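Trainee: This is a predicted model, with the sequence first.
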Amino acid sequence: MRQWWPAPATVAQMVEQTIRNRQVKGSNPFGGSIVQRLLGAVLHFMRKQVFLLPRFQYNSNMHKNATPLVIGIAGGSGSGKTTLANLILERIGKERIAYLPHDAYYKDLTALPHNQRAAINFDHPDSLDTDLLIQHVQDLRANNPVDLPIYDFKTHSRTQETIHVEPRPVIMVEGILIFVDPILRGLLEVKIFVDTDPDLRFIRRLERDIQERGRTTEMVVRQYLATVRPMHLEFVEPSKRYADVIVPEGGLNAVAMEMVAARLEALLHQSESIAPY
């Protein structure tokens with residue numbers, strides 16, 4: 001909300017100028033007429049910083065009450081979404097961003113036998129608890145904290161622990177399917193799609209799943225052919241049309257990534273310069 005009332009300093013200057021205009025040279029500004037005495041009393045309280053009318057008070061912590069800027073970063077598996085997200089976190093500052101990766105919201109499969117868990121199509125929208133993610137975005141936009149789930153990809157289940165996320169000036173949502181759900185998509189004010197060639201995406205996924213998720217090469221290839229590639233063609237690739245910005249080559253495109261980070265920084269600075277009352 002914009003500042004429609006003059007700031008205390010401005011009002012004080014107006015009062016002081018009025019006193020100068022009214023007083024007789026060499027006289028006491030707090031003496032004389034009733035008008036002079038009243039104006040003098042007001043100026044005295046202002047100078048002592050006890051001017052308490054809320055509508056004139058500037059809120060130096062305005063960004064804490066402003067509606068956060070919601071950013072969405074989508075793209076295929078291994079496209080470089082996380083690289084871009086990390087650049088934004090570093091550039092804007094982790095303390096100013098509430099980061100919600102869609103991967104944390106996979107549905108808990110603890111009730112299923114382990115062999116059935118591995119058979120689930122994790123690249124289909126139904127495998128994710130997007131309703132909970134939507135609720136968390138809405139809560140953060142309302143300046144309420146949330147508890148981010150922690151998902152164990154080795155056991156295909158949620159852990160008992162969570163990550164407490166406080167409201168921040170920026171909410172950043174990242175995941176391959178975040179542009180698919182129309183409600184979630186409607187909450188994203190800046191939509192970025194990281195577009196990378198399939199061979200590079202597969203190589204990156206292969207390396208990640210072997211190093212971080214305890215998979216074998218055979219398991220990665222089988223999953224890629226059975227679900228990753230078909231779901232990418234059915235859901236992820238078509239969602240690219242909703243993007244405001246498309247970043248080709250993902251993390252390899254340093255120029256585009258730097259431009260995106262700079263633009264987001266400017267948008268955040270602009271939103272923080274408007275003071276609510």
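Mentor: Received it, and whenever you're ready, just let me know what you need. Numbers count the residues shown, from 1 in each chain.
Trainee: Quick check: what element follows whichever helix or strand residue 149 is part of along the chain?
Mentor: For residue 149, the host element (DSSP states H and E) is strand 146-152. Remark: after strand 146-152, the chain's next helix or strand is strand 157-165, criterion DSSP H and E.
Trainee: where does this structure have low pLDDT?
Mentor: 1-65, 251, 272-277 (pLDDT under 70).
Trainee: all helices of it, in order?
Mentor: Using DSSP state H, the helices of the chain run over 8-22, 34-47, 62-65, 81-92, 114-118, 130-141, 182-187, 198-212, 217-223, 229-231, 254-272.
Trainee: For residue 228, which non-adjacent residue is spatially closest?
Mentor: residue 123 (5.2 Å; C-beta to C-beta, 6 or more residues apart in numbering). C-beta: built from backbone N, CA, C; applies to glycine.
Trainee: The one you found against residue 176, yeah?
Mentor: Yes: taking contacts as C-beta atoms under 8 Å, residue 123 lies within contact range of residue 176: 7.3 Å.
Trainee: Quick check: neighbours shared by the two?
Mentor: By C-beta atoms under 8 Å, 6 or more residues apart in numbering, residue 123 and residue 176 have these common neighbours: 77, 232.
Trainee: Spatially central residue for this protein, please.
Mentor: Nearest to the mean C-alpha position of the chain, counting by C-alpha atoms, centre = their mean, stands residue 171 at 1.5 Å.
Trainee: so it makes contact with residue 70?
Mentor: Yes: counting by C-beta under 8 Å, residue 70 is a contact partner of residue 171 at 4.6 Å.
Trainee: what sits in contact with each of these two?
Mentor: With C-beta under 8 Å, 6+ apart, residue 171 and residue 70 have common neighbours 137, 141.
Trainee: if I look at residue 159, how far off is residue 134?
Mentor: 22 Å (C-beta to C-beta, to the nearest Å).
Trainee: With neighbour numbers in mind, choose between these two.
Mentor: Ranked by neighbour count (other C-beta atoms under 10 Å), residue 159 and residue 134 place residue 134 first, with 17 against 11.
Trainee: Tell me who's in contact with the more buried one.
Mentor: 181, 183, 184, 187.
Trainee: 7 Å instead?
Mentor: By C-beta atoms under 7 Å, 6 or more residues apart in numbering, the contact list for residue 134 reads 183, 184, 187.
Trainee: before we move on, the earlier item: report all helices and strands that the strand holding residue 149 contacts.
Mentor: helix 130-141, strand 157-165 (3 or more C-beta pairs under 7 Å, 6 or more residues apart in numbering; DSSP states H and E).
Trainee: ok, residue 248 touching residue 193?
Mentor: No: judged on C-beta atoms under 7 Å, residue 248 makes no contact with residue 193 at a distance of 9.8 Å.
Trainee: who has more neighbours, those two?
Mentor: Using other C-beta under 10 Å as the criterion, residue 248 and residue 193 rank with residue 193 on top: 25 against 12.
Trainee: Ignoring the adjacent residues along the chain, who's closest to the more buried one?
Mentor: residue 243 (3.6 Å).
Trainee: count of residues packed around the one you found?
Mentor: If we define neighbours as other C-beta under 10 Å, then residue 243 has 20 of them.
Trainee: Check residue 258 too.
Mentor: Per other C-beta under 10 Å, the neighbour tally for residue 258 reads 12.
Trainee: who's in contact with it?
Mentor: Taking C-beta under 7 Å, 6+ apart as the definition, residue 258 has no contacts.
Trainee: With residue 268 instead?
Mentor: 69, 92, 169, 170.
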